[in-house]
Every structure is written in structure tokens, then in C-alpha cells.
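S.K.: Would you be able to build a 3D model of this:
(one chain, ligands or ions: 4)
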Amino acid sequence: QYAKKNKLEQQIYNQQIDGNTLDRLQLINELKSAIDNEELVLFYQPKLDLKLKKVTHVEALVRWRHPDRGMIPPDDFIPIAEQMGQMNALTRWVMNESIDQYLKWKSQGIELCIAINISAENLKDVHFCRYVLDLITEKGVPIEVLTLEITEDAVVSDPENAIKQLKVLKNSGLKLSIDDYGTGYSSLAQLKQLPVSELKIDKSFVQNLMVSADDQIIVSSTLQLAHNLGLSVVAEGIEDEGALNWLIERGCEMGQGYYLSRPLDAEKIADWLANSPY
Ligand code: C2E
Ligand code: MG
Ligand code: MG
Ligand code: MG
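M.R.: Ligands and ions are numbered 1, 2, ... in the order given. Next comes the predicted model:
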């Protein structure tokens, strides 16, 4: 185990021989204790139901509140956590924390389902399904409370096993969503095989929707494809009113983006809901 870890550190070290190397190595070491030291925090971004005009879900997005470096965004440490074999611990923490937050909101009269992001490593862990289902039972929440967002790439690395795990979760009533759709390497044949109910169009196709004829073609074709396959669609990266209305007119089911709200800490979510038209 130790030798394996050392080898990984060596690989990461070799990849990054520049001024940041020491910094990065230090981060790798610190990440191991970040969970125990309660340095991780969840922000929540509203997912708006475009038909009901109501926020029904929030996506939990992790940040690392580092004692010296301030807030570190997930793109800067999730890849390290993945390489270090820390994603099972991280995902478990995220799931626990966000279900507790769901219960806290519920006690304040706020009903918000939670979407969490899972990674390839979670789907490789044979105990993952059991853990998720046991946790839901233990916390006493309805299974519909949780949506799992999975990128295409998390499935592609070991499709057979991933699909097996996802089927168990889907059959138990969990909602599964394909994240960042359009940026990965999955084929339509693979998409058809995935037991998901929702497809999230990547923000890179949505951000410039109002000024890009190509993006409009991509998004409207994706909406048709998804709807014909019986999937509902979430558009992420809605940054202006034009894009929001364009998507509503074309029957997109849900929307998420800075125009609606940035990810907020849990306390601010209640204020935001109280002051928003949704
Ligand atoms: P994601 O799951 O695709 O999450 C959406 C990302 O887009 C978030 O970045 C969000 O803040 C950002 N975003 C939302 N609306 C807009 C918009 O209108 N414009 C722009 N430009 N960006 C927008 P964030 O929070 O930095 O997270 C980045 C990625 O890190 C996430 O992408 C997800 O893949 C990963 N991540 C975050 N939390 C977790 C986690 O708990 N577990 C795992 N496995 N991955 C996570
Ligand atoms: Mg996501
Ligand atoms: Mg995404
Ligand atoms: Mg993303």
C-alpha cells in the first residue's frame, strides 16, 4: 500500500516539474487530512424546474477551505484526490453532509432534493451501491432525495462494471444523471445502455447560446435526442436571460447557471429562496 502510494506521488511529481511542484506535493499531503480536519465545505447551486418555475433541487459542490491558501476550487483538488485514491472517502463525506443539510432545510420548511457528483473511482468500488442505499436507510430519507451526477468519462473507463452498479442504484429508485454531456467520449450506443433518467448538457454549449448558431443547433438536437430516448434535460451554464427563455421555449426541463444563482453556502440558500421569484 505504502509503495503504491509512493509510486503515485512519484508519478504526480514527474508530471509537474515546475515552480508549482513543491506546492502541489504539499497539497497532496494536506488533502489526506482535510476531511478529518473539517476543511471541506459544500456550496449548493439551485437547479430550477423550468416548467414549474420552482427550485426543486440543489447541486452540492465541494470546496476546500484551506487554512493558509483560502478557498480552493474542486477542479484544483478533485484530480489529486482521484490520483491519490481519496475519492471514496470524499464522496462519502459529501453524501453524509448533504443529506444532513437536506434534513436541516426540511426542519425549516424548505424541501430541496440534492444532486451530488460521483467519480469513476466510486463506480469501481464494489461496496459503493451498498453504502449509498444503507446511508439513505440510516438517515431515514426518501430515496428520491438524492440524484447522482456521473460524467460520461467515469463510465467509459470500465463500462461493464459501472453499468452494473448504476443499474442496482436506478432499480432502487435513485435518480441518475449524465453530467457534462457532450464533452466526453461516450458513443450513442453507450448512452443508450446507461440506466439514467437525466442528461445535463455541458455549460460550454449553453454559455454562449445567444451568440452561437452552432451551439443552438447542438443544444436543440440534444434536447430532441434526449426526449426521444425518454430522458429529461438539464442545461448548465445559463448566464443570461436570453438563454433561459430560449431553453424554456424548447422544452428543456431544468436549468442551472450564474444567471439564476451562483453556488451558495447553505445559509445563503434559504435567503436566496426567500428573495427569488422561484
Ligand atoms: P459540474 O458538476 O459540472 O458542476 C458545475 C460547475 O460549473 C460548478 O463549478 C459550477 O460552479 C459551475 N457553474 C455553474 N453555473 C455556471 C455558469 O453559469 N457559468 C459558468 N462559467 N460556470 C458555472 P465548480 O463548483 O467549480 O465545480 C467544478 C467541477 O468539480 C464540477 O463540475 C464537478 O465535476 C467537480 N466537483 C465538484 N464537487 C464535487 C464532488 O463533491 N465530487 C466530485 N466527484 N466532483 C465534484
Ligand atoms: Mg455536476
Ligand atoms: Mg456539469
Ligand atoms: Mg463540469
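S.K.: can you give me the helices in this protein?
M.R.: With helices called from DSSP state H, the chain shows them at 2-15, 21-34, 74-83, 87-107, 120-124, 128-139, 152-156, 159-171, 188-193, 203-206, 213-228, 241-249, 266-275.
S.K.: Please name the nearest non-neighbouring residue to residue 43.
M.R.: Nearest residue to residue 43, sequence neighbours excluded (C-beta to C-beta, 6 or more residues apart in numbering): residue 263, at 3.8 Å. C-beta here means a position set from N, CA and C on the backbone, and glycine is covered the same way.
S.K.: Model confidence for the closest residue to ligand 2 within the stretch 151-278 of the chain, exactly?
M.R.: Nearest residue of the stretch 151-278 of the chain to ligand 2 (C-beta to the ion) works out as residue 179 at 4.3 Å. At residue 179, the pLDDT value in this model is 95.
S.K.: what's near enough to touch residue 62?
M.R.: Residue 62 makes contact with 40, 41, 42, 43, 74, 78, 90, 94, according to C-beta atoms under 8 Å, 6 or more residues apart in numbering.
S.K.: Tell me the spacing between it and residue 116.
M.R.: Residue 62 is 9 Å from residue 116, where distance means C-beta to C-beta, to the nearest Å.
S.K.: shaky segments in the stretch 51-200 of the chain?
M.R.: Applying pLDDT under 70 to the stretch 51-200 of the chain flags no residue at all.
S.K.: does ligand 1 sit close to the top strand by length along the chain?
M.R.: The single longest strand within the chain, with elements called by DSSP state E, is strand 54-66. Yes. For strand 54-66, a contact with ligand 1 is found by C-beta under 6 Å from any ligand atom, at 61, 62.
S.K.: Please point out which parts of that strand sit buried.
M.R.: 55, 57, 58, 59, 60, 61, 62, 63, 64 (16 or more other C-beta atoms under 10 Å).
S.K.: cool, and stretch 152-169?
M.R.: 152, 154, 155, 162, 163, 165, 166, 169.
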